[in-house]
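Asks: Have a look at this prediction, sequence included:
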Amino acid sequence: MKEKIKIGIMPVKRLFFSIDTAREEYDIIMPIIRAQLPTKVEFVDVDDLCEKGMATNPVVDVPKVVKKFKEANVDALFFPFCDFGEESTVLGVAKSFKLPVLIWGSRDKLSTYEKREKETQCGVFAATKVLRNYGVTFSYIWNCEANSPDFVKGFEKFVRVAAALKALRGLNVASIGNRPAGFYSVIHSQLHMIRNFDITVKPIAMAAITDRFNKIKEENAKEVADYVADLKTRIDCSQMDNDDYLAGVAAGTLAIEQLMKEADCRCAGFDCFGVSRAIGLSGSACAIEGELADRGLPTACEMDIWGAISSAMLQAATLGEESAFCADWTYRHPTNDNAELIWHGGPFPCSLARKDTKPVYKRREFRGRVMYEANWELKSGPITMLRMDELDGDYYVFAGVGKSCEGPATTGTYVWLEVDNWKRWEEKLILGPYIHHVAGTYGDYFEVFREVVKYLNKPKMGTNVTFDHPGREGDYSL
């Protein structure tokens, strides 16, 4: 994710409390807030609109703040309380947007019989009840100091939540090719996606890929050659007789990337065999998927649109720190009862491969034909597995965290995932409604997606989203 998350920040104070006391709090907390995730977050403040940078009057301040935040196209809202605050002012701005909202106030340091200066926590209780009354979903960080680890952790979680929701908002998903005939498990309802989430599926025809592929090979030969040279630095290509497959991967990646960007698509369902045929690739087109993921465009095999959406949300939650991959739950570890093979035939991003061995494009023979496929194991670390899916008009988000572990080498791209209780995981996945596909990335984003589902779930509007998970007996975040 190259774009920063843009947060509209409006500190608030109570009208009849001392503005000087509130400003003292502002001067303490705002430098700390502004220092959080500076490469990932851009703040849009109200310093030029409100007295001493704090909103107070709902009649005067709300219209000005709403106008500025809308013109800035903010992705989320943050209301730090500098004292008791004004719940009507917070509400007036929050209800004007359909965005994630963060509520927080620092811990008051003075409370005596003679003097209680700010009553910040009291005001937070009042404001959040008002937000609930008006159906505004919000996140909060518990009453703590701005320089505390709890604030830092809570703010980072909120930013990741905002990023995942931004990825979903108005999302266009490319449909590259056709659904394989036997894959009824990936059927989806495009009409419900549009109505419930403003997600649009845009088809990209194989003929368009063929034409763009040929054009790139003819007109951008140097760019393709440079890409091939780059592939050779990252991947062992010694089993190849020539560079034809590499040139196909390079030109195919560039062609599909161009077409997706022209259609304003940020992820895709992918017909691997169709793409191979369309560009005459001597092997699996899955390698193109891995390259696209590392270029910020995650895909899912077998035209799995929900798999692509899951991957896009998961990749966004990393704030650009990791690529996402879409895989199969495949089979259980031969000796570890709590481990499972996470596999697919070559689409995992090269950036996630183990660092102690070089990834390889492996030569294989299939029915007398020489083919090449990406073959590498993923690196060590905690992995979040995510799947969003639908059934009977309702939606479900499965999230769980495990860690990579040792296991037998195999074909394609893969990682062995150890979890705390595989029986419980398997039961959740079987009873679903989920399929054999799942998105994954490195890091622990369990709590992020618990919060994301809060914002997706709008039962009064007919959109029911359930957060589903196998529990967390063990700590797999380290």
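Replies: Done, it's in.
Asks: which ones are touching the nearest residue to Arg266 once chain neighbours are set aside?
Replies: Distances taken as CB to CB, 6 or more residues apart in numbering put Ala312 closest to Arg266, at 5.7 Å, once the chain neighbours are dropped. For glycine as for every other residue, the C-beta is placed from the backbone atoms N, C-alpha and C. Neighbouring residues of Ala312 by CB atoms under 8 Å, 6 or more residues apart in numbering: 167-168, 171, 173, 266-267, 298, 324.
Asks: residue ranges for the helices of this protein, please.
Replies: Taking DSSP state H as the test, the helices found in the chain are 19-34, 58-72, 87-94, 120-133, 149-168, 190-197, 206-219, 221-234, 244-262, 272-279, 286-294, 305-317, 422-431, 446-456.
Asks: roughly how far out does the first one sit from the chain middle?
Replies: When C-alpha coordinates are averaged (CA atoms, centre = their mean, to the nearest Å), helix 19-34 and its chain have centres 32 Å apart.
Asks: ok, now the fourth one?
Replies: Remark: helix 120-133 is offset 29 Å from the chain centroid, using CA atoms, centre = their mean.
Asks: tell me the angle of that helix relative to helix 19-34?
Replies: Relative orientation of helix 120-133 and helix 19-34, computed by axes from the mean of the first three to the mean of the last three CA atoms, to 10 degrees: 70 degrees.
Asks: what does helix 120-133 rub up against?
Replies: 14, 25, 79, 81-85, 87-88, 90-91, 94, 101, 103-108, 138, 140, 143.
Asks: which of those residues count as buried?
Replies: 14, 25, 79, 81-85, 87, 90-91, 94, 101, 103-106, 108, 138, 140, 143 (16 or more other CB atoms under 10 Å).
Asks: Please parse the chain into its domains.
Replies: What automatic domain parsing lists as the domains of the chain is 5-168, 172-468.
Asks: And the longest one, end to end?
Replies: It stands for domain 172-468. End-to-end distance for domain 172-468, by CA to CA, to the nearest Å: 25 Å.
Asks: tell me the mean pLDDT for that domain?
Replies: In this model, domain 172-468 carries a mean pLDDT of 96.
Asks: For Phe325, see how far away the nearest residue to Ile235 once chain neighbours are set aside is.
Replies: Once flanking residues are discounted, Ile235 sits nearest to Pro359: 4.7 Å by CB to CB, 6+ apart. Look at Pro359 and Phe325: by CB to CB, to the nearest Å, they are 13 Å apart.
Asks: of those two, who's got more company?
Replies: Phe325 (29 against 22; other CB atoms under 10 Å).
Asks: From Pro203, how far out is the more buried one?
Replies: Taking CB to CB, one finds Phe325 at 24 Å from Pro203.
Asks: Repeat that for Pro58.
Replies: 47 Å.
Asks: neighbour-wise, which of these two wins?
Replies: Ranked by neighbour count (other CB under 10 Å), Pro58 and Pro203 place Pro58 first, with 17 against 13.
Asks: doesn't Gly92 make contact with that one?
Replies: Yes. With contact defined as CB atoms under 8 Å, Pro58 reaches Gly92; the gap is 5.0 Å.
Asks: starting at the chain centroid, how far to stretch 6-18?
Replies: 30 Å.
Asks: Repeat that for stretch 117-136.
Replies: Put simply, stretch 117-136 sits 29 Å off its chain's centre (CA atoms, centre = their mean).
Asks: next one: stretch 150-162
Replies: That offset, for stretch 150-162, works out to 14 Å (CA atoms, centre = their mean).
Asks: now the spatially closest residue to Leu391 that is not a sequence neighbour: how far from Tyr395?
Replies: Spatial nearest neighbour of Leu391, excluding adjacent residues (CB to CB, 6+ apart): Pro433 at 3.9 Å. Per CB to CB, Pro433 is found 10 Å from Tyr395.
Asks: what do you get for Cys50?
Replies: 39 Å.
Asks: Can you check which strand is longest in the chain?
Replies: strand 394-405 (DSSP state E).
Asks: name the helices or strands packed onto it?
Replies: On a contact count with 3 or more CB pairs under 8 Å, 6 or more residues apart in numbering; DSSP states H and E, strand 394-405 meets strand 382-391, strand 413-418, helix 422-431, helix 446-456, strand 465-468.
Asks: which one of these lies closest to Ser18?
Replies: In terms of CB to CB, the element of the helices and strands packed on strand 394-405 nearest to Ser18 is helix 446-456, at 34.4 Å.
Asks: got the buried residues for that closest one?
Replies: 446-449, 451-453, 455-456.
Asks: next one: that helix to chain centre, how far?
Replies: For helix 446-456, the gap between its own C-alpha mean and the chain's C-alpha mean amounts to 11 Å (CA atoms, centre = their mean).
Asks: Run through who's touching it.
Replies: With CB under 8 Å, 6+ apart as the criterion, helix 446-456 contacts 100, 137, 139, 157-158, 160-161, 164-165, 168, 197, 313, 317, 384, 386, 395, 397, 399-401, 463, 465-467, 469, 472.
Asks: when you compare where that helix runs with where helix 149-168 runs, what's the angle?
Replies: 50 degrees.
Asks: Quick one: buried ones out of the contacts of helix 446-456?
Replies: 100, 137, 139, 157-158, 160-161, 164-165, 168, 197, 313, 317, 384, 386, 395, 397, 399-401, 463, 465, 467, 469, 472.
Asks: For the closest residue to Glu156 other than its chain neighbours, give its distance to Gly8.
Replies: If the residues on either side of it in the chain are set aside, Glu156 comes closest to Leu37, at 6.4 Å by CB to CB, 6+ apart. To Gly8, Leu37 is 16 Å away according to CB to CB.
Asks: So if I had to pick from the two, which one is more boxed in?
Replies: Set Leu37 next to Gly8 and count neighbours by other CB under 10 Å: Gly8 wins out with 25 against 16.
Asks: Retrieve the pLDDT associated with the more buried one.
Replies: For Gly8, the model assigns a pLDDT of 98.
Asks: Wait, it touches Asn73, no?
Replies: No. The criterion here is CB under 8 Å, and Gly8 misses it with Asn73 at 9.7 Å.
Asks: How many residues are close by Leu259?
Replies: 21.
Asks: Measure how buried the closest residue to it other than its chain neighbours is and give me the count.
Replies: Nearest non-adjacent residue to Leu259, counting by CB to CB, 6+ apart: Ile204, 5.2 Å away. The local packing of Ile204 (other CB under 10 Å) involves 21 other residues.
Asks: ok, Ile204 to Ala35 distance?
Replies: Noted for Ile204: a distance of 43 Å to Ala35, by CB to CB.
Asks: try Ser323
Replies: 28 Å.
Asks: Pick out whichever of the two has more residues nearby.
Replies: Ser323 (24 against 11).
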